[in-house]
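**Student:** after the sequence you'll find the predicted model.
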Amino acid sequence: MAVSLQTRVFYGLKTDIANNAHYITDAEVLYPVGNALAIHNIFQRQQKLIRLPERYYDANGICVSPNKKFVALSDIGDKPSISIYDINSLKRRKLLGIPFDAPGVTRFTCISFTFDSKNLVAITGEPDQTMLFYNWEKGKVESTFKLTNPQNPLAIADVLSCNPTDATVVAVGGAYTFKFLIVSDSIWRPYGFAKAENLLVCSMAWLDGDRLMVGTDDGRMLYLENGDLKNVYRMTDTVTMNLKIREEYVMPTVASLEIREDIIWQQNIRCLIAFPRGFAYAHGGGTIVLFEKEGKHNYMKRNIYVIPQRMMKDDDPNLYKIHTINVNPSFDQLIVTTSWSQLYYAMLWGPDLQMDPEPQKMEIMGQPLHHGSINGLSMCAWKPVFMTCGEFDHSVRLWDFETESLIMLKQYDEDIFSVALHPMGLFCLIGFTDKLRFMSILIDDLLPMHEIAIRNCKTVRFSHNGHLFAAVNVNIIQVYTTIGFSNPFVLKGHTGKVKTLLWSQTDLKILSLGAEGSIYEWNMITGTRSSEFIWKAVVLHDIAFSSDTSFIYCIAQDDQIREIKESEIVREFRLPGKEMQQIIMGKDDLMLFITSPSGIIISLKSPLQTPIESMDFHMHCVDVTAIALSYNENYLISVAKDGSLCIWKLFFPEGKVKMSRDLPYTNEVLIGKDDLEEKIHNIKNLTVRLRELETEHAYRLRQIDIQHNDKLREVHQGYCEAIKELVDKADKDREDHRNEVNNMNVNIVRMKASHEEAMQQMENNYEAKLITEYDKYQAFEEHTNAMRENYEKQLKDLEKSDAEQLQKTMTTYEALLYEKKIQLEETFDEMMHKERVHEQLMSQIENDADREILEIRTKYENLLYEEKQNSLKLKGEAGVMRNKFMASQRDIDDLKRQVNRVQSEYAQFLKNIQDLEKQITDLKKEITERDATIRNKEQQIYDMKRINQELEKFKFVSNFKIDELRNQIQPRDQEIQELKNSIRNIEEEIISLQKINENLELQLHKEREKLRSARREIDREIHKNKRCQQLLRKIRVDILKASELIQEPNALKTAVTNLYHKYSADDEILRSRKADIDAQCEFIRQKDQLEKTIASLKKQKQFRDTSKGDKELKMTEENSILTVELNALREELKQARENILYMENLLGLTQKHIRPTEARKILEQTYHGYYELQEKYMKQIQEYKKVILALKEDIKQLLSKIPCEEKEEEKTSVASSVTTNL
């Protein structure tokens, strides 16, 4: 079974795909590389790959869903499609295509997910552009919209942006194209601003659900809100943006956009992206501008970021063209891609332009990668490193395949053709344009040691033991020694260019392959040719040498592998349909790898047998330029033409791995003597500085301990005093609480007795009322029966009269209908006559109009031809003048910047000169002063030496005393520790006592509130009972008076009705009773609400341990505030009742026997003049509105004249003055 490969890491970037870099998390980045989508964790250096099928060589667009769970990839082909992959499972979820025939459509120009990640919007390419709205989970198209503009064939839609809050709103733009689209019932309709005949849209971004920013290719940015164009900004001159202020703008004409030669991509507003704290866009070569949000409508230019300059064979400015900008989920980092095969990032919200006016350089994300083809690869034996060189970027890079990181990067100004790494990993050979150089590999540099006069050396190899190396000079092989660089052998014989060199395992033989089709075997003892194989009929690509040099594997331009032994082809093995380019074999002949076009690596079972067992691994998307095995044969390195580099892990079949494969690697490096001495010197200085800092830190710690001990002593004294006060206060509160509880119990007993008496009395009263009400109900029922019979008779009479009236009206209207029909026929005849006359007039007018149109058309066509000729001349002149103006404008800006820089530098130099002069005078003074101090110090030193001798004697005595004091201090420390523990226990007891006091205070306050409310209810009930007793007394007197009229029915009837109107139907009694009930319900509701709030506050208090005293005070204050608010509400309720009674008195509703006519007159008197007052105040309101509008216009005019930084202050001041005047 063949050896299997698994990717460890795959470095590279495909730059021909739109939106080719996305943040998945703050640490993971998704980007395309080779034939896969890589999800790279930058911090953990781990990589996951989504492998793509072979059809996605020509992918043109990537889009990640807003929830960061799915990624969509569109491809180019006869039937373009969109694949959606799950980022977590790394598998394809759906394949979406065009559901109808679209001849000529080979790609999707852009794709985007909606904000809920449930739908996907895609726009097909030319010639018939259509927007497709997919429900990608179901795999179907829900709606479509044609975007083709027949009036302008240049109109192309290639920019798409979905609304961040509404999945039914989409913005589409491009060259001469811009639309807002909204869908309803699966039908898309445009709305809002759509004047796109003058627009060349490059990018779009939604600030929120209503506001959209649009970038154009001439450096302008359009601001649209709710579908309407509000402002146009020239971004080269814009520093602050106030979206609320509408500024003057001029839209370009069609004529100004027809000539596109003067508009270069550096002027475009590209890759516009918005996030909650601002927005960013690309403007110019490798430049990104960041605007920060300040308030809801203001944006300020915050930073400018630039791509760092890189060295390249052909310095092309298009390499700095920015293709993608993406922001991470934390909105503090940007990732950027250009035409370089490299990811860049910038940290946001650093120093702004006011603090640091220079643009900030972006940093490389991950490892610095090659750009362009990698034309050299060499592996080391003693270290886990390999070396590569770039054909276009002129760089040599040293990599570690175990840590998967770059160790060293060296850039050169000349072309590099080949590299070879010594087996020890301390030396290397590099082939330059003029010479082949032998270099030593230092810790961070390559140091040239020897040069060999071989130009453009593309093939060079060290021997396996490292004592020799062979270099190819066109068709000659030169062998050199590594120690003395002598040239013992010059191998001649090839007539064509030597393509491949291979050393045997014992370094006794060299195998060479020539372009003319010859394979030579050279003896490295004698320097002669030992065998040869020549096959000129076939172009040979590569060879592989067995470990015992007994046979050779050879691959050619066909699909066969040939085994050569003793200069003859022994066997041939066929790989059907596989074109082979390179071959490599393991040291023990147990593995064989072959590369194929389009980046395929084939693993073969070795030794080869018929049929061949092979496995294909397709990761690169272009041809592989070189492959190499590590010395322990656990890793395979492959590099390709697009600069991609893949590190593969080998998994061997069972029983084929040897113990020799796990040899330990060395990690030693070379370093120069001067560098080493300098580093040692720096280490010594740093250690001295570290000791000084340690002593300084220890001294500071001792001072801090002394300060903290003093503070602790003060705090302890304060705690003791507070404890005493709290204990006294707690005792006093307990006595007060006990007295109040006793008083409350007495009051409760009294209240219960009074309530029982009142309840008994009310029951007796209500029984008498029920009897009287039942008698009234009986009388009312008899009255209603009599009224019902009367109304039934009246209804029968009305039906008869209505039938007779209906018959009369039918006869009259039939007569009128007949007359109208006759009039209608007469008018119809007149209308037909007039229509014939009108048609004759129309024919005459049309003939006259056609004649006049022909005359006018010929006249104006001549004028139009002349104007076109003039316009063509003016366009050419305008283009030339525009180029001159742009060039001069750039020169002026550069000169202004230089002048400002020079002026600032000049001012800085003047300041420096003045400061230096002051320093010189000060230093002279210090020199004189220090000379005097030196003399004094020398005398002091002499004195100090004598004192030092005396102090040493005193030191011996003090050391003895210190030992005695230490013995005395130890028991004191133990006592201090015991006192601290006792203080801690006392503090815990104080905290528990505080909790108990707090609970008791809350309960006491609650009981007092209940007592007050109960007292108020008792007073209210007593007052109500008195009123009821007075009312009952009056009712009894009136009933006695009515009983005297029992012999007179009519008088008795009127007396009973008067009693009813006086007591039972009295609106005032009902209203007062309803008001009492409402007030009582409101009071109960507020009481329940206050009790709930108190209970919630109690619960909150139990969970809060810090700052308890302040919170308890706050709770009591809140309770007092709530009680004050309750009393205020009761006062308002009382005032409202009084106001109602006052209005009822005005209307006369409180009078006992009022008739409807009298009530209507009173109502008309009260409403007299109401309509006049209403008209008067409406006129005043209209006049004030006109004054307000006029003042607003004046404010707008003033604001347009005021500078931007003063507008907000003026606006607020003028608005306040207007309100005060009104």
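**Tutor:** Everything's here; your move.
**Student:** ok now the top helix by length along the chain, how far from the chain's centre?
**Tutor:** Scanning the chain for the longest helix, with DSSP state H as the assignment, gives helix 673-1043. Its chain's C-alpha centre and that of helix 673-1043 lie 24 Å apart, by CA atoms, centre = their mean, to the nearest Å.
**Student:** count of neighbours near residue 334?
**Tutor:** Residue neighbour count, defined by other CB atoms under 10 Å, stands at 22 for residue 334. All C-beta atoms are positioned from the backbone trio N, CA, C, and that covers glycine.
**Student:** and for the one 3 residues further on?
**Tutor:** Burial of residue 337 is recorded as 25 neighbouring residues (other CB under 10 Å).
**Student:** residue 205 belongs to a strand, doesn't it?
**Tutor:** Yes: with DSSP: H, G, I helix; E, B strand; the rest coil as the criterion, residue 205 is located in a strand.
**Student:** ok so, going back, elements contacting the longest helix of the chain?
**Tutor:** Using 3 or more CB pairs under 8 Å, 6 or more residues apart in numbering; DSSP states H and E as the contact criterion, the elements in contact with helix 673-1043 are helix 254-258, helix 1049-1059, helix 1067-1102, helix 1108-1147.
**Student:** state the mean pLDDT of that helix.
**Tutor:** Across helix 673-1043, pLDDT averages out at 79.
**Student:** where does the stretch 51-200 of the chain have low pLDDT?
**Tutor:** Flagging of the stretch 51-200 of the chain using pLDDT under 70 yields the residue ranges 55-57.
**Student:** in the stretch 1001-1150 of the chain, where is pLDDT below threshold?
**Tutor:** Across the stretch 1001-1150 of the chain, the stretches falling below the confidence threshold (pLDDT under 70) are 1064-1080, 1082-1083, 1100-1120, 1122-1123, 1126, 1136-1137, 1139-1150.
**Student:** and residue 158, that one's in a strand?
**Tutor:** Yes: the secondary structure assignment for residue 158 places it in a strand, going by three-state DSSP.
**Student:** phi and psi next, for the spatially most distant residue from the centre of the chain.
**Tutor:** When distances are taken from the C-alpha mean of the chain, residue 1047 lies farthest, 96.3 Å away, according to CA atoms, centre = their mean. As for residue 1047, its main-chain torsions (degrees, to the nearest 10) stand at phi -80, psi -10.
**Student:** give the buried residues for stretch 765-779.
**Tutor:** By neighbour count on 16 or more other CB atoms under 10 Å, the buried set for stretch 765-779 is empty.
**Student:** I misspoke; the intended subject was stretch 343-351.
**Tutor:** Residues of stretch 343-351 classed as buried under the neighbour-count rule (16+ other CB under 10 Å) are 343-346, 348.
**Student:** now, which of these sits nearest residue 883?
**Tutor:** Nearest to residue 883 among the buried residues of stretch 343-351: residue 344, at 32.1 Å, using CB to CB.
**Student:** give me phi/psi at that closest one?
**Tutor:** According to degrees, to the nearest 10, the main-chain angles of residue 344 amount to phi -120, psi 150.
**Student:** verify the stated contact: residue 319 with residue 341.
**Tutor:** No: with contact taken as CB atoms under 8 Å, residue 319 and residue 341 are classed as non-touching, separated by 9.9 Å.
**Student:** which neighbours do these two share?
**Tutor:** In the contact map built from CB atoms under 8 Å, 6 or more residues apart in numbering, the residues linked to both residue 319 and residue 341 are residue 371.
**Student:** looking at the two, which is more packed in?
**Tutor:** In this comparison of residue 319 against residue 341, neighbours counted by other CB under 10 Å, the higher total goes to residue 341 at 21 against 18.
**Student:** chain center to stretch 337-357: distance?
**Tutor:** In this view, stretch 337-357 has its centroid 17 Å away from the chain centroid, taken as CA atoms, centre = their mean.
**Student:** whoops, I mixed them up, stretch 23-40
**Tutor:** What separates the centre of stretch 23-40 from the centre of its chain is 17 Å, taken as CA atoms, centre = their mean.
**Student:** not counting sequence-adjacent ones, nearest residue to residue 359?
**Tutor:** Nearest non-adjacent residue to residue 359, counting by CB to CB, 6 or more residues apart in numbering: residue 304, 4.2 Å away.
**Student:** partner residues bridging that neighbour?
**Tutor:** Bridge pairing for residue 304 (DSSP bridges) gives the partners residue 289.
**Student:** wait, doesn't it sit right on residue 362?
**Tutor:** No: counting by CB under 8 Å, residue 304 does not reach residue 362; the two are 10.7 Å apart.
**Student:** what touches both of the two?
**Tutor:** Residues within reach of residue 304 and of residue 362 at once, by CB under 8 Å, 6+ apart, are residue 288.
**Student:** higher neighbour count, these two?
**Tutor:** Counted by other CB under 10 Å, residue 304 and residue 362 do not tie: residue 362 has more neighbours, with 21 against 16.
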